[in-house]
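[1] here's a sequence, model it:
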Amino acid sequence: MSATTRHGAALAGLVLVSALAACGTTHENAPGAASAGGASARACQGTGGKYTIGMSQANLAEPYRVRMNDDIRRAAAGVGRFSVHFADAAQDNAKQVEQVNTFLTQGIDLLIISPNEATPLTAVVQKAYAQGIPVLVLDRKVDGEGYTSFIGADNVDIGRQAGRFFADTLLPHGGKVVELKGLAGSTPAKERSDGFDQGIAGHGITVAGTADADWLRDKGQQQADALLKAHPDAQALFSANDPMAEGARIAAQNAGRADLPITGIDGLPVPEGGIKAVEAGRLSATFVYPTGGAEAIAAAKKLLLDCRQVPKQQTLPTRLVTRADAAQVYTDLNRS
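    Below you'll find the predicted structure:
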């Protein structure tokens, strides 16, 4: 009998003794499902219960994260049994750890977290999981598997698609690019950059210079200004998100490079988002990066109301958006 099976049997016995319905927090076949004792289930009261959810957000300086919170809030309102408490870590790892510990002290029923950085948030996420609290990790990962489910797009694949767009469309004959990365300790920053390198490999494209701009527009402008001064022969710029890309556009205009091709990632379907920036011609392309907010509440509903398991990993779809289809994509995403 596997560790997961023995664990499930023990839980089943507990259910029979206590006459409570147990709600599984991981997919029984998922790797690491029985690790750290955190796969144990909390009581699932079904549709008759009311639940408190703690949402720990890395920051609210990025429009993407504001939209994520809005998506969670909107989806939770449609359930009726959920009360969601939000906390903003403001890009401070220690503050986010403290906020999660406060949630645990308050006795939340489920934790949703988008970690500022992976390693500093791993221990407190594992702590919640070990207490039997279902933990849904959104967008950015933590180390190990001490959580219930990760919900997010494949950032390596998004970066790879971006690299291929450069190789196939922007620089089909090769050339030099500069790159703006996100917050160094966050998993999407590394994964998107790694994927981009894979996408341009073998196509005569070299990354002449990189800089971390922490996902922020103002810092993106500052860092792009420095990159373009250091590499005036750069023929295009890859940005790991749309706000940094918009900042880079300002820097390019100030450098007399208003026609510099710039791509981003996020593709928020809002007036100030990347899709409209592509439609207006400020960006050459973006890639839709779903927030996972609605999916997180759907997972919470399965765990807490339906007493069902959820997959260890839920990979969300993405797509390339260019000026040719930006208006249609914007309409489609706002219709769904």
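
[2] all the helices of this protein, residue numbers only.
    Listed in chain order, the helices found in the chain under DSSP state H are 3-18, 63-77, 93-106, 118-130, 155-165, 187-200, 217-230, 242-254, 274-280, 293-304, 326-335.

[3] so which of those helices gets nearest residue 172?
    Checking those against residue 172 by Cβ to Cβ gives helix 155-165 as the closest, at 10.6 Å. Every residue, glycine included, has its C-beta placed from N, CA and C.

[4] tell me what the closest one is packed against?
    Taking 3 or more Cβ pairs under 8 Å, 6 or more residues apart in numbering; DSSP states H and E as contact, the helices and strands that helix 155-165 lies on are helix 187-200, strand 285-287.

[5] if you set the cut-off to 6 Å instead, what comes out?
    Packing partners of helix 155-165 (3 or more Cβ pairs under 6 Å, 6 or more residues apart in numbering; DSSP states H and E): helix 187-200.

[6] tilt between the helix it packs on and helix 118-130?
    Using axes from the mean of the first three to the mean of the last three Cα atoms, to 10 degrees, the inter-axis angle of helix 187-200 relative to helix 118-130 is 120 degrees.

[7] which residues touch residue 331?
    For residue 331, no residue counts as a contact, taking Cβ atoms under 6 Å, 6 or more residues apart in numbering as the criterion.

[8] how much space separates it from residue 310?
    Shown here: residue 331 relative to residue 310, a distance of 31 Å by Cβ to Cβ, to the nearest Å.

[9] also residue 222?
    As it turns out, when the distance is counted by Cβ to Cβ, residue 222 lies 41 Å from residue 310.

[10] higher neighbour count, those two?
    Shown here are residue 222 and residue 310; by other Cβ atoms under 10 Å, residue 310 has more neighbours (24 against 16).

[11] for that one, give me its contacts.
    149, 299, 302.

[12] for residue 66, which non-adjacent residue is closest in space?
    Counting by Cβ to Cβ, 6 or more residues apart in numbering, residue 66 lies nearest to residue 60, which is 5.7 Å off, once chain neighbours are set aside.

[13] so what's the backbone phi/psi at the one you found?
    Backbone geometry at residue 60, expressed as degrees, to the nearest 10, gives phi -120, psi 20.

[14] can you get me a residue count around residue 182?
    27.

[15] and for residue 52?
    Taking other Cβ under 10 Å as the criterion, the count of residues near residue 52 is 14.

[16] same question for residue 231.
    Counted with other Cβ under 10 Å, the neighbours of residue 231 add up to 16.

[17] what are the phi and psi angles of it?
    The phi/psi pair for residue 231 (degrees, to the nearest 10) is phi -130, psi 70.

[18] quick one: pLDDT of the nearest residue to it once chain neighbours are set aside?
    Distances taken as Cβ to Cβ, 6+ apart place residue 208 nearest to residue 231, at 4.4 Å, with adjacent residues excluded. Confidence at residue 208, expressed as pLDDT, is 98.

[19] and residue 208, how far is that from residue 272?
    Distance, residue 208 to residue 272, using Cβ to Cβ: 30 Å.

[20] those two: which is more packed in?
    residue 208 (16 against 11).

[21] isn't the more buried one up against residue 227?
    No - with contact defined as Cβ atoms under 6 Å, residue 208 does not count as touching residue 227 (8.2 Å).

[22] any shared contact partners between the two?
    residue 178.

[23] need the pLDDT of the residue nearest to residue 66.
    pLDDT recorded at residue 60 is 96.

[24] again with the one 3 residues further on
    pLDDT, residue 63: 93.

[25] by neighbour count, which of the contacts of residue 310 wins?
    Neighbour counts for those (other Cβ under 10 Å) peak at residue 149, which has 25 neighbours.

[26] ok, now which ones touch the residue nearest to residue 237 when sequence neighbours are not counted?
    With sequence-adjacent residues excluded and distances taken as Cβ to Cβ, 6+ apart, residue 237 is closest to residue 262, at 4.7 Å. For residue 262, the residues meeting the contact criterion (Cβ under 6 Å, 6+ apart) are 237, 245, 248-249, 283.

[27] repeat the analysis, applying 10 Å as the threshold.
    With contact taken as Cβ atoms under 10 Å, 6 or more residues apart in numbering, residue 262 is in contact with 170, 178, 180, 224, 236-239, 242, 244-249, 251-252, 277, 282-286.
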